Each structure stands twice: as C-alpha cells, then as structure tokens.
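1. one predicted model, sequence on top.
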Amino acid sequence: DAKTTQPNSMESNEEEPVHLPCNHSTISGTDYIHWYRQLPSQGPEYVIHGLTSNVNNRMASLAIAEDRKSSTLILHRATLRDAAVYYCILRTRGGETSGSRLTFGEGTQLTVNP
Amino acid sequence: ETGVTQSPTHLIKTRGQQVTLRCSSQSGHNTVSWYQQALGQGPQFIFQYYREEENGRGNFPPRFSGLQFPNYSSELNVNALELDDSALYLCASSLNRERANYGYTFGSGTRLTVV
C-alpha cells in the first residue's frame, strides 16, 4: 500500500480554521484519498474522501494538489469536539482476493485550544 | 440507520485462552473488516469478509480467524491468547468490498486485556 506522511501533532484555537496536511508522493492513479478521525475511546470516524477534485461535505473540505502527491484536510471552524487523531489513508480498489482495506499510519493528533 | 455495534465492550482473558468478539454491521452494508489497535498506534488490518468468505488478510497468524453470517454480522476468534494480543479490536462495515470510494463505518471497539 502506498504510504502517507503526516505531522505527528498540530494545535489550533477554537473557531479558527485548521489545515491538516498529508503527503502521498507514491500515490497511484487508482488510489482514493480518505480521511478518518478518531476521538478518544471511540472507533475511527469517516470524514471525507476524494480522487482528483476538491471535495466538501458537512464535516470538512478536502483540497487535493494537482499532481495528487499531497492533500489537505480543512476544518473551517475548529471546535473542542474536533480534537482527535486524524488519519490520511490511501485506499486502492480491491480485487477478488484482496478486498479493499484501510492502511492506517500514525496520524496527526489535533489539539484545539479554547 | 443503525451504526456498527460491537460486543462486549471490555474483556479480560488469561493467556492461552480463546476469545470470540462480535460485530453487527451497519444496515445495508455487506462487507465487514476487523482491525487491531494497540495503545498509541493506528489500527492494523486483520481481515475482511464478504459474502461469508474471507476476502483479504493482513499480517496476522492463523489463530486469528473470523466468520461472517448471512445477515452480515461477524465474529472474530482468537485462539491461544498471548499478552501482545491486548488491544482495542475494531469492526468496520462497508457497502462494497472492492470499490475504494466508499467509506467504512467503525464500531467503538472491544477492549481486550490478556493477563
């Protein structure tokens, strides 16, 4: 599986935008970029995904570089409830025997200050 | 729609014992995956089930096995428990086993402690 690189930790202030970067220089043409987050004592939660174009949903925005070698998850107004570990994952279409799995890295621990 | 539910939430077992963890998939999802998450690390893929058959496996020994039932619920079985098996076990369901443009829904996990 292609590898992603994220900063270990980031800090933000409440109600300010947060930009979480992810590098994935070995991404292939069939890899989707997925973001999940994990709040303390919970399972990971799907945030957003994209292939080539920027994506928006109610939780966040995903900005994908033109060469697809990096992406940025944008939280437009951070709240205390956004404090979590954010994982950037490349997900490849699976096959008959391999399925389609998520390969988690270490993620970015986001701290939101009041 | 209901999410993914896992049981039990916490479990303590003795080394050498066997354990069964259970998972009910989100309504409408036909694929279930299991992940192991050690403290301070990201989840690691164990295996995936689709149509009651294993459909992908991570780097885990055969003593980790599973089942998927016709209603898409699933079990994870671990035999001959070792101390290093202590972890949070996560179940995740998805609509399609192959397509990479579907998100997974995770349960809150089962915290297994092996003593």
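-> Arrived safely.

2. these two touch, right, B:Asn30 and B:Tyr49?
-> No: using C-beta atoms under 8 Å, B:Asn30 is not in contact with B:Tyr49, being 9.4 Å away. C-betas here are computed from N, CA, C, even on glycine.

3. for chain B, what helix or strand is lowest in average pLDDT?
-> Every helix and strand of chain B was ranked by mean pLDDT, DSSP states H and E. The lowest is strand B:53-57, at a mean of 88.

4. how near is A:Arg101 to B:Arg51?
-> Going from A:Arg101 to B:Arg51 by C-beta to C-beta, to the nearest Å gives 17 Å.

5. more neighbours: which of those two?
-> A:Arg101 (25 against 11; other C-beta atoms under 10 Å in any protein chain shown).

6. stretch B:66-74: end-to-end distance?
-> End-to-end distance for stretch B:66-74, by C-alpha to C-alpha, to the nearest Å: 7 Å.

7. that stretch near chain A anywhere?
-> No: using C-beta under 8 Å from any C-beta of the partner chain, stretch B:66-74 never reaches chain A; the gap is at least 12.0 Å.

8. now that stretch: how far from the chain's centre is it?
-> When distances are taken as C-alpha atoms, centre = their mean, to the nearest Å, stretch B:66-74 is centred 11 Å away from the chain's centroid.

9. what's the answer for stretch A:52-64, then?
-> The answer for stretch A:52-64 is 10 Å, by C-alpha atoms, centre = their mean.

10. go through it and flag the buried ones.
-> For stretch A:52-64, a neighbour-count test (16 or more other C-beta atoms under 10 Å in any protein chain shown) marks A:55, A:60-64 as buried.

11. from chain B, how far off is A:Ser9?
-> 13 Å (C-beta to the nearest C-beta, to the nearest Å).

12. with adjacent residues omitted, what lies nearest to that residue?
-> Leaving aside its sequence neighbours, A:Ser9 sits nearest to A:Gln109 (C-beta to C-beta, 6 or more residues apart in numbering or on different chains; 4.5 Å).

13. how about A:Ile64?
-> A:Ser71 (4.8 Å).

14. pLDDT averaged over the helix or strand where that neighbour lies - what is it?
-> Using DSSP states H and E, A:Ser71 sits within strand A:70-75. Mean pLDDT, strand A:70-75: 97.

15. who does that strand pair up with?
-> Strands flanking strand A:70-75 in the sheet, each with its direction: strand A:18-23 (antiparallel), strand A:61-64 (antiparallel) (DSSP bridges).

16. find the centremost residue of chain B, please.
-> In chain B, the residue lying closest to the centroid (C-alpha atoms, centre = their mean) is B:Trp34, at 2.8 Å.

17. list the contacts of that residue.
-> Going by C-beta atoms under 8 Å, 6 or more residues apart in numbering or on different chains, B:Trp34 touches B:23, B:45-48, B:66, B:74, B:76, B:89-92.

18. most neighbours among those, which one?
-> Neighbour max across the contacts of B:Trp34 (other C-beta under 10 Å) = B:Cys91, 31 neighbours.

19. for the closest residue to that residue other than its chain neighbours, list each beta-bridge partner.
-> Using C-beta to C-beta, 6+ apart and skipping the chain neighbours, the partner closest in space to B:Cys91 is B:Cys23 (3.4 Å). Beta-bridge pairing for B:Cys23 (DSSP bridges): B:Gln6, B:Ser74.
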